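*Asks:* Build me a model:
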Amino acid sequence: MTDRELPTWCEPLLTRVRSARTEDFTRLRTPVNGGRASAVLVLLGEQPAHGPDVLILQRAATLRTHAGQPAFPGGACDPEDSDAAATALREAHEEVGLDRDSVTVLAQLPRLWIPVSDFVVTPVLAWWHRPHPVHPREPAEVAHVARLPITELVDPANRVRVRHPSGWIGPAFQARGMLVWGFTAGVLAALLDMAGWARPWPQDRVLELPPTSPPPAPDASADEAE
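*Replies:* Purely as a prediction, here's the structure:
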């Protein structure tokens with residue numbers, strides 16, 4: 001297999017996301033107009049020791065918004081960005097030093113609205129055909145970077161739901177010392193289902209988020225207050 005050739009495990013996911021709809025990720029309709037355009041990079045890689053993985057960063061605890069929360073690399077679109085993929089790759093380079101030439105963009109997923117921040121986010125699915133070391137380039141913004149193995153994310157022992165003080169309940173993942181929840185966990189959960197990787201897990205396991213946690217972004221797996 002050449003470095004740019006897709007691994008066989010990627011094909012079912014890529015086939016499914018070509019027909020993905022906003023409703024596959026969130027209950028909220030994306031506004032036709034308004035909202036601040038942004039993009040995140042859902043970067044899939046592979047390592048011999050554990051197979052496919054996804055790149056996740058943890059935001060610095062000192063940030064004014066979403067402090068300490070794991071997330072995909074990404075941010076707001078700049079006028080110079082040609083499209084959402086350009087935004088996601090630029091932000092990933094600025095945040096963790098990702099080499100744009102090491103990435104093959106696979107698909108742009110449906111635009112998703114986050115009402116709390118009024119961002120309209122386009123997740124960009126990509127294949128890391130030539131992985132290399134990455135690290136926080138701006139410690140004031142990014143505290144940690146990790147490649148989370150898919151095998152650990154789908155392990156029933158690592159899947160939970162979290163309850164925000166607002167009453168919102170949504171999916172979450174515990175892996176490599178990180179609790180991935182909110183918008184990022186919602187997108188991950190949907191993609192794991194689409195790829196056929198998800199396994200049954202006990203959904204009665206609920207963790208309480210601390211009162212200082214940022215407001216969540218609704219997703220397709222979120223529940224009303226219980």
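*Asks:* separation between the residue most central in space within the chain and Leu55?
*Replies:* What sits nearest the mean C-alpha location of the chain, by C-alpha atoms, centre = their mean, is Thr184, with 3.8 Å. Applying C-beta to C-beta, to the nearest Å, the value for Thr184 to Leu55 is 11 Å. Using the backbone N, CA and C atoms, a C-beta is placed for each residue, glycine as well.
*Asks:* Tell me how many other residues surround Pro211.
*Replies:* Pro211 has 8 neighbours, counted by other C-beta atoms under 10 Å.
*Asks:* circling back: which neighbours do Thr184 and Leu55 share?
*Replies:* Common contact partners of Thr184 and Leu55 (C-beta atoms under 8 Å, 6 or more residues apart in numbering): Phe72.
*Asks:* For Thr184, grab phi and psi.
*Replies:* Dihedral pair for Thr184: phi -60, psi -50, per degrees, to the nearest 10.
*Asks:* Is the residue nearest to the centre of the chain in contact with Ile56, as I believe?
*Replies:* Yes - between Thr184 and Ile56 there is a contact at 7.2 Å, judged by C-beta atoms under 8 Å.
*Asks:* what residues are shared contacts of the two?
*Replies:* Residues within reach of Thr184 and of Ile56 at once, by C-beta under 8 Å, 6+ apart, are Pro70, Ala71, Phe72.
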